[in-house]
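*Asks:* only geometry, no sequence info:
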């Protein structure tokens, strides 16, 4: 079952106003993504480690998430150095790796890890429901918020439905292999999932209409920006400004 | 129940899905104030379609619908109907879409224009009424089947409807949950149409039993009387649970 393992903590970060957390992560992601200097990138990474430390999340779980992303990053290390134009560093058969290419790969690696870590510390520590309410309060368009909340709600139903279909295939002796039969079976499975999702979406919409839904999504949650949030806002603003100055200073 | 005001009146309703036989064929039916009507019928006999027609989710090709004496025609009329009549869907997963129970129950009141504070209050009251205290922060998709059904009922009751439509309320429930729902419905003081294919359940919850055949509704009798002479318990078949 899909879970939210980072939500159930009780650190300083867990208690912060979710609206503030969203803003910080967005600002941080921009600063780090747009930076090129390694000094700034390493400091940014250090910043995210500090946040993870404060959030007191289980490090092993965090590492597992990182591993997932770094799988993709590893792929970049295979491709970017040999395709990026620049001074040749070494040859691998017909391929030439460039120094610039290696540096670009290194930057991407640091950036993605740093942003992901901050995201885990600040966003994954909040329930999706709360995030949705926070986004809606921040005047993010209604449709986007609804999309987020609905996908979250129904991904579990879809998961159950998928398992049900897969089980029904298994009990009839289906064993995946590399064959047309396997591909076809999976295609049917996924197709059926889409058909059911469509039918369910219609029924859910009907149920919403029956309860007076008219396109606007109201929320019960109320947020307050406390003094502690203010303190955090001050610290993070200084940190982000510092990173920015370091990057764009001559 | 003559003399009491009708809540829902259907006259000569015709409905058919594209390229198919008529599902509702000249159907006439009325539900009176305080009446609990059980509607029994085979799969595909048009029970769910009927409920959806009443709510304006499907529009009939012919016929008139009246709710509380007023003729319902336009989309706006139906929007009004949805404040008056509550529909509990067959599958709770279709009905519960908010992350937490409290938010789901408060969804209707918020749509009716209540403030978050008021909505929270009426939602809590309704949960309490259904003995669901302590459920408010539970995650809807992690509830058991019976709990989901009760919460779906709460999401509709919180809007204080004048009539309640229940589509197969016992689908997928175990015996314990079934008994709980049955006693709850039997004690609810609200006009309702309860659709089911379980005779026993209807006998426990409804006063009058109707059946759906060939796109029409036929009156079968009072649920008590019906038991006495409309069916027997031959030795080879199982007696039902109703006492």
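*Replies:* Thanks, I have it. All figures in this text were calculated on a predicted structure; none of them were measured in a lab.
*Asks:* Sheet partners, orientation included, of the helix or strand bottoming out on mean pLDDT in chain A?
*Replies:* When the helices and strands of chain A are scored by mean pLDDT, DSSP states H and E, strand A:88-92 comes last with a mean of 82. The sheet places strand A:88-92 alongside strand A:95-98 (antiparallel), with pairing taken from DSSP bridges.
*Asks:* Break down the chain into its helices, ranges please.
*Replies:* Picked chain A for this. In chain A, the segments counted as helices under DSSP state H are A:18-34, A:38-55, A:59-83, A:99-122, A:128-137, A:142-170, A:180-210, A:227-248.
*Asks:* wait, chain B
*Replies:* Under DSSP H, chain B gives helices at B:47-55, B:75-84, B:92-95, B:101-111, B:116-129, B:145-157, B:175-187, B:199-205, B:223-229.
*Asks:* where among the ones you listed is the average confidence lowest?
*Replies:* Among the helices of chain B, helix B:223-229 carries the lowest mean pLDDT, at a mean of 58.
*Asks:* Let's have the helices of chain A in a markdown table, adding mean neighbour count, mean pLDDT and distance to chain B.
*Replies:* For glycine as for every other residue, the C-beta is placed from the backbone atoms N, C-alpha and C. Formatted as a markdown table, these follow (neighbours: other C-beta atoms under 10 Å in any protein chain shown; pLDDT from 0 to 100; distance: least, C-beta to the nearest C-beta, whole Å):
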| stretch | mean neighbour count | mean pLDDT | distance to chain B |
| --- | --- | --- | --- |
| helix A:18-34 | 18 | 92 | 14 |
| helix A:38-55 | 18 | 92 | 22 |
| helix A:59-83 | 13 | 89 | 20 |
| helix A:99-122 | 19 | 92 | 19 |
| helix A:128-137 | 21 | 85 | 3 |
| helix A:142-170 | 15 | 85 | 5 |
| helix A:180-210 | 14 | 88 | 4 |
| helix A:227-248 | 14 | 89 | 21 |
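*Asks:* need the ones you listed in CSV with distance to residue B:104, can you?
*Replies:* As requested, the helices of chain A are arranged in CSV below (distance: least, C-beta to C-beta, whole Å):
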stretch, distance to residue B:104
helix A:18-34, 20
helix A:38-55, 29
helix A:59-83, 29
helix A:99-122, 27
helix A:128-137, 11
helix A:142-170, 10
helix A:180-210, 10
helix A:227-248, 29
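*Asks:* OK, contacts around the closest residue to residue A:174 other than its chain neighbours?
*Replies:* Among residues not flanking residue A:174 along the chain, residue A:185 sits closest, at 6.0 Å (C-beta to C-beta, 6 or more residues apart in numbering or on different chains). Residues near residue A:185 by C-beta atoms under 8 Å, 6 or more residues apart in numbering or on different chains: A:169, A:174, A:176.
*Asks:* Return the member of the residues you listed nearest to residue A:68.
*Replies:* Checking those against residue A:68 with C-beta to C-beta, the nearest one is residue A:176 at 22.2 Å.
*Asks:* how's chain A carved up into domains?
*Replies:* Domains of chain A are assigned by automatic domain parsing as A:13-126+A:223-248, A:141-210.
*Asks:* how about those, which one is nearest residue B:53?
*Replies:* When the domains of chain A are compared for distance to residue B:53 using C-beta to C-beta, the nearest one is domain A:141-210, at 12.2 Å.
*Asks:* Quick check: end-to-end length of that closest one?
*Replies:* Domain A:141-210 stretches 23 Å from its first residue to its last (C-alpha to C-alpha, to the nearest Å).
*Asks:* Hmm, residue B:56 and residue B:82 touching each other?
*Replies:* Yes. Counting by C-beta atoms under 8 Å, a contact exists between residue B:82 and residue B:56, whose distance comes to 7.3 Å.
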